[in-house]
Structure formats: C-alpha cells, structure tokens
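**Student:** Need the 3D shape of this:
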Amino acid sequence: MRKRWQKVMWAGVAVAVVAVAVMVALVVHGLRNLGADDRVAPKPDAPKAGAPKAGAPKAGAPKAGAPKADAPKECLGTRPVGSLPAAADGSPLERVLARIDELARQQPYTAVFTGLSVDEDRRTADVWRIPSTAFDDEVCGSAVEGVTVRLHDTDVDRGTLDRLSDRIADDIRRWDGTFEMREVGVDERGFVHVGVDDPGTAGPIIEKAYGESDSRYIRVEYVGQAEPADAA
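**Tutor:** Predicted coordinates:
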C-alpha cells in the first residue's frame, strides 16, 4: 500500500513539473512577442547635408516650360577709337554704331542682320542677328576701346521682317469693326509689333490671316488710342 502511494505521489510530482515547464515556456513566448510589439522601427538615414531631396530636379536641369535664357555674346572693345571714322557726335559709341550699320547693309551680311539697339549709359550696342562667324568677327572687330557689343541670336533677317511688316500695314483697316489695329512696326529683337485695342480678339485672327510660318514673328499687344497732335 505504501509503495503504491509513493508511485502515485511521484506521478503527481512529474505532472506538476511538466505543468510548470509548460507555464514557463508560455511566459517566455509571451515576453518575446511583447518585446517584438514594443520594438521601435529604425529611422531611415537622414539625408546628408547638401544632398537633393527625393524627386527634386538635378542641379542644372532646365525647368519644364521655362523659357531659354538670353545669353548674348559680349565683345569688349580693344580697337583704338581713332581707327574708325568720326560719326554724328564723334563719340566712340557713335563710331561703332555707324560701322555696324554699314556692315548690315553689305552683302552677304544683309542675310543675317536682324536689328540694332543702343544703351548709351553703358556705352553698349546690342546686335540681333542670325549667328554667323564672319559677321560676328566683323562686328566684334569694330568695337573700339570703351564700347561693348553684345550679340543676340535670332532666326530671321531684317528684310523678312520688313516685308512682313509692310503686308500687315497694308491691312491696317481690314478688320475695322472687329478690332482696331493701331500700330505696326519692326522690333530690332526679331519680330513685328502689332498694336491693337483688343489683343484677345485680334491675336487669333491675325495668326490665321498670315499663317503659322509668319505668325511666329508677330507679337500682338495692346496699345492705347493715340491722341491728336493738336490735343491740348
């Protein structure tokens, strides 16, 4: 009887040990899961100073739709002032302007020259032309000391603009009643300026009338009504 009781007792002890082991295993597993839930995800590496943000355009990349920058070629005058004939007031700038005007009238440069403007305060001549090595060399070689020449690119010569301007001027009364055309003239930068009272109405009509090829050289802009010369 005693031996049987001892067997029962040891069996109970064994069951208790197994139960304790199972409980310990469950506790450990729960602690592991708890640690996994509370673990903080590592933060991504911060970008280095100066590094571009994700999706940002690369340095130097042109912006979409941005117009091309006007970067004229500059020629600083080194030629002696007295090497060019005196013109108008005899100033260095006037001598250079006279020389450029003379070149623009010569063949083959009439096919590349577009226009000329002056900045007297800066003693600068701005020349618009179809890029031409020969013409550029002549113009830059005409710049005397103290004068700067800036060369701007175009894709049209002055003769083409003059003819287009004349055609539009002939039509100055053509659309009376729809809009009023008030001014027509060549701009030295490479287009024909058309001044009207209603650009929104006039623009599409003029573009259709002169075609896509010529219309790209036409700028329709608002111009107020001119007052009579004898207006008080």
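
**Student:** domains of the chain?
**Tutor:** Structurally, the chain divides into domains by automatic domain parsing as follows: 73-153, 158-222.

**Student:** In TSV, list those along with mean neighbour count and mean pLDDT.
**Tutor:** C-beta coordinates here come from the backbone N, C-alpha and C atoms, glycine included. Below are the domains of the chain laid out as TSV (neighbours: other Cβ atoms under 10 Å; pLDDT from 0 to 100):
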stretch	mean neighbour count	mean pLDDT
domain 73-153	16	96
domain 158-222	16	98
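
**Student:** Check which helix or strand the nearest residue to Pro72 once chain neighbours are set aside maps to.
**Tutor:** In space, and not counting its chain neighbours, Pro72 is closest to Arg150: 4.1 Å by Cβ to Cβ, 6 or more residues apart in numbering. Assessed by DSSP states H and E, Arg150 sits inside strand 148-153.

**Student:** same for the helix or strand just after that strand, what does it pack against?
**Tutor:** Following strand 148-153 in sequence order, the next helix or strand is helix 158-170 (DSSP H and E). Judged by 3 or more Cβ pairs under 8 Å, 6 or more residues apart in numbering; DSSP states H and E, the packing partners of helix 158-170 are strand 113-119, strand 181-187, strand 191-196, helix 199-215.

**Student:** of these, which approaches Val223 most closely?
**Tutor:** Val223 sits nearest to strand 191-196 of all the helices and strands packed on helix 158-170, at 2.9 Å, using Cβ to Cβ.

**Student:** Tabulate the CA atom coordinates of the closest one in PDB.
**Tutor:** Extracted C-alpha coordinates of strand 191-196, given in PDB (Å, rounded to 0.1, in the frame of the first residue of the first chain):
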ATOM      1  CA  PHE A 191       9.600  90.300 -84.600                       C
ATOM      2  CA  VAL A 192       6.900  92.600 -85.900                       C
ATOM      3  CA  HIS A 193       5.000  94.500 -83.200                       C
ATOM      4  CA  VAL A 194       1.300  94.900 -83.900                       C
ATOM      5  CA  GLY A 195      -0.600  97.300 -81.500                       C
ATOM      6  CA  VAL A 196      -4.300  96.800 -81.200                       C
END
